[in-house]
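**Q** this is a predicted model, with the sequence first.
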Amino acid sequence: MHFTKMEGLGNDYVYVNCFEEKVDDPQRLARLLSDRHRGVGSDGLILIGPSDKADFSMAVYNSDGSIAEMCGNGIRCVCKYVYDNHMTESRRISVETLAGIKYLRCISGDRRQSIVTVDMGAPEIGRDRMTVDAALTEKMLEERIDVSGKMISFIRVSMGNPHAVVWLDGLDVACVTDGEKTMSIGALMEKHDAFPSGTNVEFVRVIDRDLIQIRVWERGSGETMACGTGACAAAAACMAKNYTNNVVTVQLGGGELHIEYDRNKKTINMTGPARKVFDGQVDIFSQEE
Ligand SMILES: N[C@@H](CCC[C@H](N)C(=O)O)C(=O)O
């Protein structure tokens, strides 16, 4: 089976072109290929296929094989993949995902790297799934849960997939940045009863009204170098709390994303890089879990 490894800010996935390849058990394949010691090594698997509603479809599997509705860094790479492989001649494409149809524009690029903007749709904030503007007028957006004896406040945000945004102020920094302990809060929140479908967790530090820094514990993949939907969720939560302006730079371990909230459409645009790492070929029958 042919595949391409691609990454956005170090959030890396194995991409398979399902116009040409048949994948019988994508969840198992995701686990096999994502293994950083016995496989290709990635945060998950992304299948690019046909769609009757959009130009292409994208299916996302985390490294543990679980299904995700959407992947922000991954979808920018899909845009680069289909353009570079002449599957479209247009720099503007639509992609069907489990979180709806997303619209993308490849702004610039060469063989190695492209810059892509994605309309990520409307963030839904809090239990009542409010828009950013509606949430701005609300006082009680935050929820509190007991995570292994520690009370953690967070804001629930859906970008089509679930997120919990936690501010670092007031939280002992060591407990989210310190090796295994980072994992413990993120990992415990991911599987907490408060999130029936699990959750991604963003740990946010607001630098000023134009800049935030985040680390993300991803559902199904653990801590990653970057998360596109996580950056949008964190930015939306900051805007809803009036901590930042409507245009914000999000710094992640692997680099920066530019996030813009469109007041008229109520949607978020995300701009960032998409890079090809290498093409490869794998004999999936010889792979064992
Ligand atoms: N890395 C992604 C998100 C991938 C899916 C996520 N782990 C989930 O299960 O929802 C991104 O860039 O958005």
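**A** Good, I have the coordinates.
**Q** for the ligand, what are the nearby residues on the stretch 51-200 of the chain?
**A** Proximity of the stretch 51-200 of the chain to the ligand, by Cβ under 6 Å from any ligand atom, involves residues 60, 62, 68, 71, 72, 73, 74, 161, 200. No exception for glycine: its C-beta is placed from N, CA and C like everyone else's.
**Q** need the residues you listed in TSV (columns: neighbour count and pLDDT).
**A** What follows is these, written out as TSV (neighbours: other Cβ atoms under 10 Å; pLDDT from 0 to 100):
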residue	neighbour count	pLDDT
60	25	98
62	26	98
68	25	98
71	29	98
72	28	98
73	33	98
74	29	98
161	26	98
200	28	97
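**Q** just those now: which is nearest residue 275?
**A** Closest to residue 275 out of those is residue 73 (10.1 Å), distances taken as Cβ to Cβ.
**Q** quick check, distance from the helix or strand hosting that closest one to the centre of its chain.
**A** Residue 73 is part of helix 72-84 when elements are defined by DSSP states H and E. The chain centroid and the centroid of helix 72-84 are separated by 13 Å under Cα atoms, centre = their mean, to the nearest Å.
**Q** residue 242 against residue 138, yeah?
**A** No: contact criterion Cβ atoms under 8 Å: residue 242 and residue 138 do not qualify, at 11.2 Å.
**Q** who has more neighbours out of those two?
**A** Legend: neighbour count by other Cβ atoms under 10 Å for residue 242 and residue 138, higher for residue 138 (13 against 10).
**Q** how about the more buried one, what does it touch?
**A** 126, 130 (Cβ atoms under 8 Å, 6 or more residues apart in numbering).
**Q** how about residue 263?
**A** 133, 246 are the contacts of residue 263 under Cβ under 8 Å, 6+ apart.
**Q** ok, 10 Å please
**A** Residue 263 is in contact with 131, 132, 133, 246, counting by Cβ atoms under 10 Å, 6 or more residues apart in numbering.
**Q** residue 14 too?
**A** So residue 14 contacts 1, 3-6, 29-30, 32-34, 39-47, 61, 63, 277, 280, 282 (Cβ under 10 Å, 6+ apart).
**Q** please redo it, this time with the cut-off set to 8 Å
**A** Here residue 14 is in contact with 3, 4, 5, 33, 34, 40, 42, 44, 45, 46 (Cβ under 8 Å, 6+ apart).
**Q** who does it bridge with?
**A** residue 5, residue 45 (DSSP bridges).
**Q** residue ranges with poor pLDDT in the chain?
**A** Applying pLDDT under 70 to the chain flags residues 140, 169-183, 285-289.
**Q** alpha carbons only: can I get the biggest strand by length in the chain in CSV?
**A** As assigned by DSSP state E, the longest strand anywhere in the chain is strand 267-281. C-alpha atoms of strand 267-281 as CSV (Å, rounded to 0.1, in the frame of the first residue of the first chain):
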residue,chain,number,x,y,z
THR,A,267,-17.0,31.0,11.9
ILE,A,268,-13.3,30.6,12.5
ASN,A,269,-10.7,30.7,9.8
MET,A,270,-7.4,29.0,10.5
THR,A,271,-4.2,29.5,8.5
GLY,A,272,-1.1,27.5,8.8
PRO,A,273,1.5,25.3,7.0
ALA,A,274,1.1,21.9,5.5
ARG,A,275,4.2,19.9,4.7
LYS,A,276,5.1,16.7,2.9
VAL,A,277,7.6,14.5,4.7
PHE,A,278,8.0,11.5,2.4
ASP,A,279,6.2,8.9,0.2
GLY,A,280,6.4,5.3,1.1
GLN,A,281,5.1,1.8,0.6
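**Q** show me where the stretch 51-200 of the chain has strands.
**A** Counting by DSSP state E, counting those that start in this stretch, the stretch 51-200 of the chain has strands at residues 56-62, 67-68, 92-97, 100-109, 113-119, 124-125, 143-147, 150-158, 162-167, 200-208.
**Q** of these, which approaches residue 194 most closely?
**A** Among those, strand 143-147 sits nearest to residue 194 (Cβ to Cβ), with 5.0 Å.
**Q** so what are the sheet partners of the closest one and their directions?
**A** Under the rule (DSSP bridges), strand 143-147 has strand 150-158 (antiparallel) as partners.
**Q** list the buried residues of the partner strand.
**A** Buried residues in strand 150-158, counted by 16 or more other Cβ atoms under 10 Å: 152, 154, 155, 156, 157, 158.
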